[in-house]
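Student: no sequence for this one, just the structure:
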Ligand SMILES: [Zn+2]
């Protein structure tokens, strides 16, 4: 784990995480200072180049436990069941440029085995970043959590096209504002999940993130998925090598 407690506390206080990367703000500051190209998802500064853009981003090319990954069929994986105490809550919703994100006040937790993590924010990717048996879902949400020791845990939820999702609609309708979001609508009742070590999926691609990808998808409407994609663009990092990890 490369995050210091001080850094994490500062991050949690400012609730400025973006797209799995709490270093987004710092990275942009460095880019401005060094005039290096900005990271993104297009040709210039795209995922294949992230590791070259800034020495702080070296893990993007040298890391051995990078995210996202392709996951096997659920029947072939060692799954765990996690729990949350999520409930309807006030959230601050922002367009971060590369993602739409909602920040939360303290109080919500993710329990994974013996570990408890506090919810910081949720943000979106179109299409999904992790894939299952080679298949991407059209939309994923990453609920980012941290524990007191600075450890990060992500709860990844897949969305398939279907009924509109009221919490996602609350995000779409309130960008740049605070609004009530019932985040229980964004997760399934069954939180059986793939659990594996991984990284932030955006620069600096820091490792030591405890990943959970829930096997049961939730629905969002075609209109909601299209609206998010229109605002964010395609913001999915390609899948990375599994290396020595087992699932
Ligand atoms: Zn993410």
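Tutor: That came through fine. For clarity, every value in this text was computed on a predicted model and none was experimentally measured. Numbers count the residues shown, from 1 in each chain.
Student: who touches residue 89 in this structure?
Tutor: If a contact means Cβ atoms under 8 Å, 6 or more residues apart in numbering, then residue 89 has 104, 105, 107, 108, 180, 181, 182, 183 as its contacts. Where C-beta positions appear, they are placed from N, C-alpha and C, glycine not excepted.
Student: err, residue 133, not the other one
Tutor: Listed by Cβ under 8 Å, 6+ apart, the contact partners of residue 133 are 70, 71, 72, 73.
Student: Looking at the closest residue to the last one other than its chain neighbours now. What's its pLDDT?
Tutor: Taking Cβ to Cβ, 6 or more residues apart in numbering, and ignoring the residues beside it in sequence, residue 73 has residue 133 as its nearest neighbour in space, at 5.6 Å. What the model reports for residue 133 is a pLDDT of 97.
Student: next one: residue 37
Tutor: For residue 37, the predicted pLDDT is 72.
Student: Hmm, residue 44 and it touching each other?
Tutor: Yes - counting by Cβ atoms under 8 Å, residue 37 does reach residue 44; the two are 5.9 Å apart.
Student: Those two - which one has more neighbours?
Tutor: When neighbours are counted by other Cβ atoms under 10 Å, residue 37 and residue 44 differ, and residue 37 comes out ahead with 14 against 9.
Student: what's the burial count for residue 169?
Tutor: For residue 169, the tally of surrounding residues (other Cβ under 10 Å) stands at 17.
Student: ok, now residue 239?
Tutor: The number of residues packed near residue 239 is 17, by other Cβ under 10 Å.
Student: And for residue 97?
Tutor: By other Cβ under 10 Å, the residues close to residue 97 number 16.
Student: all strands in this structure, in order from the N-terminus.
Tutor: When secondary structure is read from DSSP state E, the chain shows strands at 70-71, 79-81, 83-84, 88-95, 100-104, 109-112, 115-125, 131-132, 139-146, 152-161, 177-182, 192-199, 207-214, 218-220.
Student: For the contacts of residue 89, could you give me a markdown table that also reports neighbour count?
Tutor: Compiled in a markdown table, the contacts of residue 89 are given as follows (neighbours: other Cβ atoms under 10 Å):
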| residue | neighbour count |
| --- | --- |
| 104 | 21 |
| 105 | 11 |
| 107 | 11 |
| 108 | 18 |
| 180 | 11 |
| 181 | 24 |
| 182 | 14 |
| 183 | 22 |
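Student: Contact partners for the residue nearest the centre of the chain?
Tutor: Most central residue of the chain, judged by C-alpha distance to the mean C-alpha position with Cα atoms, centre = their mean, is residue 142 at 3.3 Å. If you count contacts by Cβ under 8 Å, 6+ apart, residue 142 has them with 20, 122, 123, 124, 125, 154, 155, 156, 201.
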